[in-house]
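Peer 1: Structure here, sequence nowhere to be found:
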């Protein structure tokens, strides 16, 4: 007897592996964890950042299930207005700013709610205004210029007793953490990426340097060329400020 075969398509059922009890506990703990899990994005220096740095930071945010974001400063470069020598063949102010705004719009789309600790490059325009005795009332806020209305621009921010600060005034993370006996996260020093622990009689604190995402081949970073290699990566602070991690980029070149 021949078997009649239906022409209807059979819906395939995908294989769903069962989780172990421990694996399910880990997932449940992550779902129920309301502690701060902080992604710390290194110096960006838009528009002179590596074009793969944003993708790397988004992947890191997802990997560690982060819920808080801190840009550690120098999100914009302002090479055209530097107090140091500028490249005579570089972009003019309007051109560079336009490119920076376009670049930062992508960062803002990825991380619309974030702290930004003001770096020395971020502050160049404000400093130039002070040099020229221009009252602050004449100067627009960062958010108005860059189109980032929800970003919180701060000198520093403390989350779970960990201080996040750019580093150009506070000193390197090691120095600041030891001096203040407070866990400290910094950027600014493009070639630094490390975690150091310091132990007192009743307290342990860490120093975290998060690296950066700059493109050292750009003319704005000409001062680095031929010198030390930049540390490309970012930082993560988990467990309510108890677990600092450096995350390096996997480079294809």
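Peer 2: Good, I have the coordinates. None of these values were measured; they are calculated from a predicted model. Numbering: from 1, shown residues only.
Peer 1: Spell out, range by range, the strands that occur in this structure.
Peer 2: Residue ranges of the strands in the chain, as given by DSSP state E, are 38-41, 68-71, 115-117, 152-154, 156-159, 162-165, 184-186, 193-199, 204-210, 233-238, 243-248.
Peer 1: got a list of contacts for the fourth one?
Peer 2: When contacts are taken as Cβ atoms under 8 Å, 6 or more residues apart in numbering, the neighbours of strand 152-154 outside the stretch itself are 114-118, 122, 141-143. Where you see a C-beta, it was placed from the backbone N, CA and C, and this is true even at glycine.
Peer 1: could I get the strands of the chain as TSV with distance to residue 107, mean neighbour count and mean pLDDT?
Peer 2: Shown next, in TSV, are the strands of the chain (distance: least, Cβ to Cβ, whole Å; neighbours: other Cβ atoms under 10 Å; pLDDT from 0 to 100):
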stretch	distance to residue 107	mean neighbour count	mean pLDDT
strand 38-41	8	28	98
strand 68-71	8	24	98
strand 115-117	10	25	98
strand 152-154	14	15	98
strand 156-159	18	16	98
strand 162-165	17	24	98
strand 184-186	19	30	98
strand 193-199	20	14	97
strand 204-210	16	24	98
strand 233-238	12	24	98
strand 243-248	17	17	98
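Peer 1: possible to save those as TSV with distance to residue 59?
Peer 2: Listed next are the strands of the chain as TSV, based on distance: least, Cβ to Cβ, whole Å:
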stretch	distance to residue 59
strand 38-41	11
strand 68-71	14
strand 115-117	20
strand 152-154	24
strand 156-159	22
strand 162-165	21
strand 184-186	20
strand 193-199	17
strand 204-210	16
strand 233-238	10
strand 243-248	9
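Peer 1: Just to check, residue 91 is in contact with residue 99?
Peer 2: Yes: taking contacts as Cβ atoms under 8 Å, residue 91 lies within contact range of residue 99: 7.2 Å.
Peer 1: If you drop the residues flanking it in sequence, what lies closest to residue 143?
Peer 2: Leaving aside its chain neighbours, residue 143 sits nearest to residue 149 (5.2 Å; criterion: Cβ to Cβ, 6 or more residues apart in numbering).
Peer 1: what residues are up against the spatially closest residue to residue 67 that is not a sequence neighbour?
Peer 2: Nearest residue to residue 67 in three dimensions, chain neighbours excluded: residue 37, at 5.3 Å (Cβ to Cβ, 6+ apart). Listed by Cβ under 8 Å, 6+ apart, the contact set of residue 37 reads 64-68, 236-238.
Peer 1: Low-confidence regions, the chain specifically.
Peer 2: 1-17, 23-33, 252-253 (pLDDT under 70).
Peer 1: List of residues touching the top helix by length along it?
Peer 2: Using DSSP state H, we find that the single longest helix of the chain is helix 93-110. By Cβ under 8 Å, 6+ apart, the residues outside helix 93-110 that reach it are 44, 46-47, 49, 54, 57-58, 71, 75-81, 90-91, 145-148, 151.
Peer 1: just stretch 57-71 next, same as before
Peer 2: With Cβ under 8 Å, 6+ apart, stretch 57-71 has contacts from 30, 33, 36-41, 44, 107, 110-111, 113-117, 151, 157, 159, 164, 185, 213, 234, 236, 238, 245, 247.
Peer 1: pretty sure residue 221 is touching residue 227, no?
Peer 2: No: if you go by Cβ under 8 Å, residue 221 and residue 227 don't touch, sitting 10.1 Å apart.
Peer 1: And the two? Which one has more around it.
Peer 2: residue 221 (18 against 10; other Cβ atoms under 10 Å).
Peer 1: what's the burial count for the residue lying closest to the more buried one once chain neighbours are set aside?
Peer 2: Of all residues not flanking residue 221 in the chain, residue 214 sits nearest, at 5.8 Å (Cβ to Cβ, 6+ apart). Applying other Cβ under 10 Å, we find 24 residues neighbouring residue 214.
Peer 1: Quick check: bridge partners of residue 214?
Peer 2: residue 49 (DSSP bridges).
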